[in-house]
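Chemist: coordinates only, sequence not included:
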């Protein structure tokens, strides 16, 4: 007989045969009253917006038990993190009291995700009353159909999206559309603490999802009957449900002003993540770490139980060691650890440490990106912000960990302690904890903040793009022939998407910009107009479909059919890949932001050159004038545009030459007969542009040579085999700079590591 083991991922929840004595707060009662309108309409979608610590899960769960489960209507609860799934299921269990379930004595639940502790989607049964499901698990095409048996013969479904600011992801919308097609009436409820996280363009996506709770202006609709509910942090603080924050700042005197180059800035702005080398400097900074521990020990009686938010796992390990050596009971929790770190942290270990913190067995809990959304740790008195962030949403979630007020069993005050390093504030605008309380909990405020953020990122992005123009080793004659104003972007496509991963945890959110110029705008407009058809032709519907080389195939097709060799600045494949991913993520084209004309005028150094030329300035007068422009605070954008003063001066010099000697910069006429070159002498990328069919043939034949008898692919150097082309790259056996040709006999497959080593050599 097979042995059987108890699991917590599914089961029968029996009614608690007593009355629930917990008294909801005024704002929770108000939110539930606003939700009552859902039952007055056949189809309805709305939002409940409560700050971190406001009890979103409890508020929704109690209402659903009374209005859905008790009336034999099924509930589907979607979330993107394992912790959120567990918390929702546990809250349904804890709140199943007799005064909520007057008609039912029990109901079935099931938790489904990619986590080993959760059930598989194939095990969903029609008899399940409550499904708590990871959105990535359900959102896959082959999995979504597994829901159909559960939906069969249902006239009404209640769908809850936890952390609903993530609902702009196409995965959520696919689930919504699927249920709408199967069920006559859908009641859609979104829960969030940070609706302002959505950008101006993304607010429109939320409007499409929660259409009965958000107006066309992207703001909440609140009236006597109640359509959406929102309450801010300040209101909950005044009601003593949340603690009053006390902000403290400690200067570390650690200087990182010279550490951030262009690549680092891009990584920070795209992912809210500093590059690995800078993370290492912070994590291993002994003086900084000692300061953090010292400040806790000096103020232990005030700070009490403290969560420390740190930059990475190495930072957590280093701080934990110091805390422990100094007699402070501490541990750390992390969202994920890569295998090559040599450290194993299981989900169970995290849960044990969080429970120890809840029980008071730990004084300090060090966190790497796990206690930001949804996890309830009410004993927290203090948060240490030992990592910087540019995300106001992340800052809100970190600060919220310590805000359990008197009426919620906490304290009247909470300590928000920031550790401040020296950075170049002209390049980086770190989110401050004080900003969380400055009325940001509304769509209107967020749009202005988002535009300002975009403008800052525009300036940083320009530096990277225009570095090519300023590089003396690159032939820039074609660029220099253009009027300088045509080299200044007219705007940008600005958007975010999430690089999804394993179904348990949300992937990294990526912030992207595609700079658009006079000579490239028409190409992008044409591409975006046809992008839905391109996706259809390639059979791509979601992010998962872009694997196994499909993303590269689509980018190659777009390069050949939608862009020109005469684009200035030239086409960048990275931009197009980001656009493809965003469309796969949201199903929408991104918003175009025009760059203010005043900014463009400030950047147009041809105007500076014209003034120098018109006034016939001598060398000394010209030098003084350029010094004045460079150092003028009003022209700080120029410093962001040009990496160094010498680049700025060279650009002005070029513009002066264009004015005085226009013949030097005239475009070449068609009076040259160029040499001919065999196709085999071009790089593979050039062959792809010129002869795409030949490129595809070479590509397929090279991988055919690398294929083993068991269907894997073999690296020609180290001999390792791989089950996917993804891990290999096409390489020239004899490099082209040594006479090698782009022919089949001279092409091989190398794994990424071998190819990298070969390139280094």
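Modeler: Thanks, I have the structure now. Computed from a predicted model, the values in this text were never measured in an experiment. Numbers count the residues shown, from 1 in each chain.
Chemist: Now for residue 326, how many residues are close by?
Modeler: Neighbour count of residue 326, defined by other CB atoms under 10 Å: 13. Backbone N, C-alpha and C define where each C-beta goes, glycine included.
Chemist: Give me the phi and psi for it.
Modeler: Per-residue torsions, residue 326: phi -90, psi 10 (degrees, to the nearest 10).
Chemist: and what of residue 539?
Modeler: phi 70, psi 30.
Chemist: Can you list the residue ranges for helices in the stretch 501-650 of the chain?
Modeler: Using DSSP state H, counting those that start in this stretch, the helices assigned to the stretch 501-650 of the chain run over residues 521-538, 550-562, 573-586, 597-603, 605-614, 619-631, 636-641, 645-660.
Chemist: Quick one: list the elements packing against the longest one.
Modeler: Helices and strands touching helix 521-538, by 3 or more CB pairs under 8 Å, 6 or more residues apart in numbering; DSSP states H and E, are helix 550-562, helix 573-586.
Chemist: Can I get those helices in a markdown table including mean pLDDT, mean neighbour count and distance to residue 730?
Modeler: Putting the helices and strands packed on helix 521-538 into a markdown table (pLDDT from 0 to 100; neighbours: other CB atoms under 10 Å; distance: least, CB to CB, whole Å) gives the following:
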| stretch | mean pLDDT | mean neighbour count | distance to residue 730 |
| --- | --- | --- | --- |
| helix 550-562 | 88 | 17 | 12 |
| helix 573-586 | 90 | 20 | 16 |
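Chemist: Just tell me which of these ends up closest to residue 152.
Modeler: helix 573-586 (29.7 Å; CB to CB).
Chemist: How about residues contacting the closest one?
Modeler: Here helix 573-586 makes contact (CB atoms under 8 Å, 6 or more residues apart in numbering) with 168-171, 173, 202, 205, 493, 495-499, 510, 512, 514-515, 527-528, 531-532, 535, 540-543, 545-546, 551, 554-555, 558-559, 588-590.
Chemist: Redo the helices and strands packed on helix 521-538 as JSON lines? Include distance to residue 97.
Modeler: As requested, the helices and strands packed on helix 521-538 are exported to JSON lines (distance: least, CB to CB, whole Å):
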{"stretch": "helix 550-562", "distance to residue 97": "50"}
{"stretch": "helix 573-586", "distance to residue 97": "40"}
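Chemist: Identify whichever of these lies nearest to residue 751.
Modeler: That would be helix 550-562 among these, by CB to CB, at 17.0 Å.
Chemist: next one: that closest one to chain centre, how far?
Modeler: 24 Å (CA atoms, centre = their mean, to the nearest Å).
Chemist: Okay, angle between it and helix 521-538 too, please.
Modeler: 130 degrees (axes from the mean of the first three to the mean of the last three CA atoms, to 10 degrees).
Chemist: re earlier: which one of the helices of the stretch 501-650 of the chain is the most hemmed in?
Modeler: helix 573-586 (a mean of 20; mean count of other CB atoms under 10 Å).
Chemist: Now do it: distance to the chain's middle.
Modeler: 13 Å.
Chemist: Between helix 521-538 and that helix, find me the angle.
Modeler: 50 degrees.
Chemist: Quick one: residues contacting residue 59.
Modeler: Residue 59 neighbours (CB under 8 Å, 6+ apart): 24, 28, 31-32, 48, 50.
Chemist: on that earlier part again, of the helices and strands packed on helix 521-538, which is nearest residue 620?
Modeler: helix 573-586 (43.5 Å).
Chemist: quick one on the thing from earlier: minimum distance to residue 177: which of the helices of the stretch 501-650 of the chain has it?
Modeler: So among these, helix 573-586 is nearest, using CB to CB, at 13.4 Å.
Chemist: which residues of the stretch 501-650 of the chain score low on pLDDT?
Modeler: 501-509, 565-569, 595-603, 633-643 (pLDDT under 70).
Chemist: What is the least confident helix or strand in this structure?
Modeler: Least confident element among the helices and strands of the chain, by mean pLDDT, DSSP states H and E: helix 443-470 (a mean of 39).
Chemist: mind checking how far residue 706 is from residue 312?
Modeler: 36 Å (CB to CB, to the nearest Å).
Chemist: Pick out the most distant pair among the contacts of residue 59.
Modeler: 24 and 48 (13.0 Å).
Chemist: Look at these two and report which has more neighbours.
Modeler: More neighbours surround residue 48 than the other of residue 24 and residue 48, with 25 against 16 (other CB under 10 Å).
Chemist: Tell me who's in contact with that one.
Modeler: So residue 48 contacts 31, 34-35, 56, 59-60, 189-192, 228-230 (CB under 8 Å, 6+ apart).
Chemist: go on, residue 351?
Modeler: Counted by CB under 8 Å, 6+ apart, residue 351 has zero contacts.
Chemist: again, but for residue 144
Modeler: Here residue 144 is in contact with 138, 174-175, 178 (CB under 8 Å, 6+ apart).
Chemist: Also residue 57?
Modeler: 87-88, 91, 162, 191, 374.
Chemist: and those as TSV, adding neighbour count?
Modeler: Formatted as TSV, the contacts of residue 57 follow (neighbours: other CB atoms under 10 Å):
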residue	neighbour count
87	20
88	25
91	20
162	26
191	24
374	23
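Chemist: Keep only those of the residues you listed that are in strands.
Modeler: The strands, defined by DSSP state E, take in residue 191 from those.
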